[in-house]
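Engineer: how would this look folded up:
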Amino acid sequence: MPAPPIGFYWDDTWYLLMAEYISGHIDHQRLAWVMLQLRQYPPLFPFALSLTGEVLGDQQNAFIMNAVFLALGTGVAMVWFIRERFPTKAAVLAAFVLMFNPVALYWLPILFSEPLFILLTTLALALASFRSEKLFHWLGIGVIVGLSVATRSAGWPLAMGMLIFLVVDQKLKLTIGFIFGLFVGLLCILFFKSGFPPSRSYQESIVQTINSLNWEYLTQQFRAILAGWQTLWGSLVGAVLAAVLVIPGFALRLIKNRPDAWYIMVYLFMLVVWPFPDHMSRFLWPLLPAFLVSAYSAMGLFRLEKHSSITISLALICIFAFSVPSGIGISLERLINPPPSEFHDLSRMMEWTRSEDRMIGLDTLKTRRQFLNDMQHINNLVAGDDCVYSEFSMMVTTHTHRVALASPWNNLGEVGSLKLKCQYYYLIPSALPNTTVTDVERFGTIHKELFRSQAPYDPEGNELLGVFFHLHLPASQQLID
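Structural biologist: The predicted structure is shown next:
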């Protein structure tokens with residue numbers, strides 16, 4: 001089965017562009033160089049992607065690698081569960097929840113860094129559970145935590161959680177060893193980004209968010225976290241049952257000064273100011289191993305030690321069973337009843353595998369197919385050195401191998417008042433607020449329309465999917481470098 005198309009989800013494009021640059025392949029070095037001046041992410045996952053082959057040409061090996069990362073992370077989690085005295089059956093069930101929860105099934109068809117991040121963070125927590133007093137043990141944990149930061153900025157809460165644990169435990173020598181190892185792990189950021197162009201950090205937007213916090217924003221974040229929690233467990237019943245177990249167990253582990261509890265606390269504080277509420281379920285997924293350990297720790301509080309195996313197993317079975325309709329059930333139905341053969345190459349996209357309504361999923365595949373056809377047209381019309389504006393700039397970049405910039409205007413009327421870098425524009429009316437067909441036609445009287453495509457989901461053929469323009473620039477307005 002072919003790899004799902006890339007470029008529709010923003011982050012996957014940046015990871016692949018970074019991987020392309022790290023790989024040293026000569027085909028797309030200029031493209032990667034120009035795009036990486038706009039944005040860069042932590043480099044460890046792109047480095048791993050760079051080892052998988054053609055990178056921008058074929059992502060099949062990259063998806064296989066991500067699946068291997070998740071499998072390894074699940075194996076490490078099982079070791080940790082057993083270290084925490086999970087009964088064997090309960091450890092297997094917990095591992096099953098980690099791999100096949102609705103969030104994992106949703107995001108795995110996209111090249112995101114969560115599987116590698118889960119592997120590294122869970123490995124660090126599993127090693128910490130051995131409670132070793134050896135300096136080299138904690139130096140190694142520090143290196144792994146540093147690598148987790150080099151994978152996602154969300155690794156910093158793990159670093160802070162480990163430090164809080166060591167300081168509270170008054171382990172000065174081990175703290176020094178951990179900090180040294182952390183520093184060594186962080187050096188790989190400089191190593192893998194050596195030679196990269198300077199770039200504006202996306203973390204600047206997070207700092208701006210922190211500086212402008214208000215109650216309305218915090219309320220939105222708390223609601224998003226609660227919605228993400230429910231999505232993680234697959235149902236309201238499962239989310240409530242998990243909360244009944246996880247919250248008391250987390251409190252107990254916090255009182256006992258466990259590093260995973262401090263990790264959870266600092267990570268949740270981070271999510272309160274993390275300005276991406278639509279992705280909260282994805283951000284909570286790496287905490288799932290620690291949540292499951294907290295859930296089992298609650299057995300002692302409920303005085304169920306003698307029946308812990310049966311109790312935790314039944315709880316996990318119930319949670320998983322309630323998640324089936326929104327989780328693995330949808331995936332199995334799509335596997336048994338695939339889309340028509342003409343969409344075989346799109347059948348692994350999450351818009352199909354996770355759509356609760358089969359017809360909506362099929363309409364989405366038709367839309368994705370039309371977008372890909374439009375990209376082929378753009379590829380034929382635009383020279384390699386020219387750039388393109390678009391509301392879906394990442395899609396344009398990955399499928400045309402042309403530099404594409406996010407359109408900087410809020411409506412079509414603003415285009416003529418801005419200094420432009422590109423002379424082409426792939427307009428997606430549905431992605432530009434309040435843009436009507438009339439607005440597009442008026443815009444076309446000023447700028448040359450090269451082609452347009454109709455939205456496949458509109459049976460009457462009145463809605464536009466994309467329109468490609470060659471922008472007409474007044475003599476007084478030159479393209480800026």
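Engineer: contacts for stretch 48-58, please.
Structural biologist: Applying C-beta atoms under 8 Å, 6 or more residues apart in numbering, the external contacts of stretch 48-58 come out as 3, 15-20, 22-23, 25, 27-28, 59, 61-62, 65, 111, 116, 398, 401. Quick note: C-beta positions are derived from backbone N, CA and C, even for glycine.
Engineer: run the chain-centre distance for that stretch.
Structural biologist: Here stretch 48-58 shows a centroid-to-chain-centroid distance of 18 Å under the convention C-alpha atoms, centre = their mean, to the nearest Å.
Engineer: also stretch 21-33?
Structural biologist: In terms of C-alpha atoms, centre = their mean, the gap separating the centre of stretch 21-33 from the centre of its chain is 23 Å.
Engineer: domains for the chain, by residue range?
Structural biologist: The chain resolves into domains spanning 11-323, 367-470 when parsed by automatic domain parsing.
Engineer: and those domains as CSV, adding distance to Leu332, mean neighbour count and mean pLDDT?
Structural biologist: Conversion of these to CSV gives the following (distance: least, C-beta to C-beta, whole Å; neighbours: other C-beta atoms under 10 Å; pLDDT from 0 to 100):
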stretch, distance to Leu332, mean neighbour count, mean pLDDT
domain 11-323, 10, 19, 90
domain 367-470, 22, 17, 91
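Engineer: let me have the ones you listed in JSON lines, extended by distance to Arg358.
Structural biologist: Formatted as JSON lines, the entries for the domains of the chain read as follows, by distance: least, C-beta to C-beta, whole Å:
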{"stretch": "domain 11-323", "distance to Arg358": "16"}
{"stretch": "domain 367-470", "distance to Arg358": "14"}
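Engineer: so which of the contacts of stretch 48-58 belong to helices?
Structural biologist: 15-20, 22-23, 61-62, 65, 116, 398 (DSSP state H).
Engineer: mind putting the residues you listed into a markdown table with distance to Lys171?
Structural biologist: Formatted as a markdown table, the entries for the ones in helices among the contacts of stretch 48-58 read as follows, by distance: C-beta to C-beta, whole Å:
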| residue | distance to Lys171 |
| --- | --- |
| Tyr15 | 36 |
| Leu16 | 41 |
| Leu17 | 42 |
| Met18 | 37 |
| Ala19 | 38 |
| Glu20 | 43 |
| Ile22 | 37 |
| Ser23 | 41 |
| Asn61 | 42 |
| Ala62 | 40 |
| Met65 | 36 |
| Leu116 | 28 |
| Thr398 | 47 |
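Engineer: and the residues you listed, which two are furthest apart?
Structural biologist: Within the ones in helices among the contacts of stretch 48-58, Leu116 and Thr398 form the most distant pair, 20.5 Å apart (C-beta to C-beta).
Engineer: does Arg85 lie in a helix or a strand, and which?
Structural biologist: For Arg85, there is no enclosing helix or strand under DSSP states H and E.
Engineer: roughly how far does it sit from Ala77?
Structural biologist: Using C-beta to C-beta, to the nearest Å, Arg85 is found at 15 Å from Ala77.
Engineer: what is the end-to-end distance of stretch 55-64?
Structural biologist: Distance between the two ends of stretch 55-64: 13 Å, counting by C-alpha to C-alpha, to the nearest Å.
Engineer: correction: the previous question concerned stretch 295-309.
Structural biologist: For stretch 295-309, the separation between the terminal residues is 12 Å (C-alpha to C-alpha).
Engineer: try stretch 396-414
Structural biologist: For stretch 396-414, the first-to-last residue distance is 22 Å (C-alpha to C-alpha).
Engineer: then stretch 372-391?
Structural biologist: Its start and end residues considered, stretch 372-391 measures 15 Å (C-alpha to C-alpha).
Engineer: for stretch 377-397, same thing?
Structural biologist: With C-alpha to C-alpha as the measure, what separates the two termini of stretch 377-397 is 13 Å.
Engineer: hmm, who's touching that stretch?
Structural biologist: Stretch 377-397 is contacted from outside by 7-10, 12-14, 17, 31, 35, 371, 375, 399-408, 420-428, 431-432, 450-451, 468, 471, using C-beta under 8 Å, 6+ apart.
Engineer: before we move on, what about stretch 275-283?
Structural biologist: Residues lying outside stretch 275-283 but in contact with it, judged by C-beta under 8 Å, 6+ apart, are 102-103, 106-107, 112, 114, 154, 205-206, 209, 220-221, 223-225, 227-229, 231-232, 271, 274.
Engineer: any idea how far Asn380 is from the residue minimising distance to the centre of the chain?
Structural biologist: Nearest to the geometric centre of the chain sits Phe112, at 4.5 Å (C-alpha atoms, centre = their mean). When distance is defined by C-beta to C-beta, Phe112 is 31 Å away from Asn380.
Engineer: would you map the strands across the stretch 301-450 of the chain?
Structural biologist: With DSSP state E, counting those that start in this stretch as the definition, the stretch 301-450 of the chain shows strands at residue ranges 388-390, 404-406, 424-427, 448-454.
Engineer: wait, which of the domains of the chain is closest to His344?
Structural biologist: Evaluated over these, closeness to His344 peaks at domain 367-470, with 11.2 Å, by C-beta to C-beta.
Engineer: and the end-to-end length of the closest one?
Structural biologist: By C-alpha to C-alpha, the extent of domain 367-470 from end to end equals 23 Å.
Engineer: please apply the same query to stretch 381-396.
Structural biologist: Terminal residues of stretch 381-396 lie 13 Å apart, using C-alpha to C-alpha.
Engineer: go on, stretch 298-315?
Structural biologist: End-to-end for stretch 298-315, by C-alpha to C-alpha: 12 Å.
Engineer: end-to-end on stretch 105-123?
Structural biologist: Between the start and the finish of stretch 105-123 there is a gap of 22 Å, counting by C-alpha to C-alpha.
Engineer: show me the contacts for Asn373.
Structural biologist: Under the criterion of C-beta under 8 Å, 6+ apart, the neighbours of Asn373 are Ser453.
Engineer: and Leu241, by the same measure?
Structural biologist: Taking C-beta under 8 Å, 6+ apart as the criterion, Leu241 is in contact with Trp233, Ala315, Cys318, Ile319.
Engineer: quick one: which of those is nearest Met349?
Structural biologist: Proximity of these to Met349 was ranked by C-beta to C-beta; the top entry is Trp233 with 24.3 Å.
Engineer: surely that closest one touches Ile319?
Structural biologist: Yes. With contact defined as C-beta atoms under 8 Å, Trp233 and Ile319 form a contacting pair (5.7 Å).
Engineer: now the common contact residues for these two.
Structural biologist: Residues touching both Trp233 and Ile319 by C-beta under 8 Å, 6+ apart: Leu241, Ala242.
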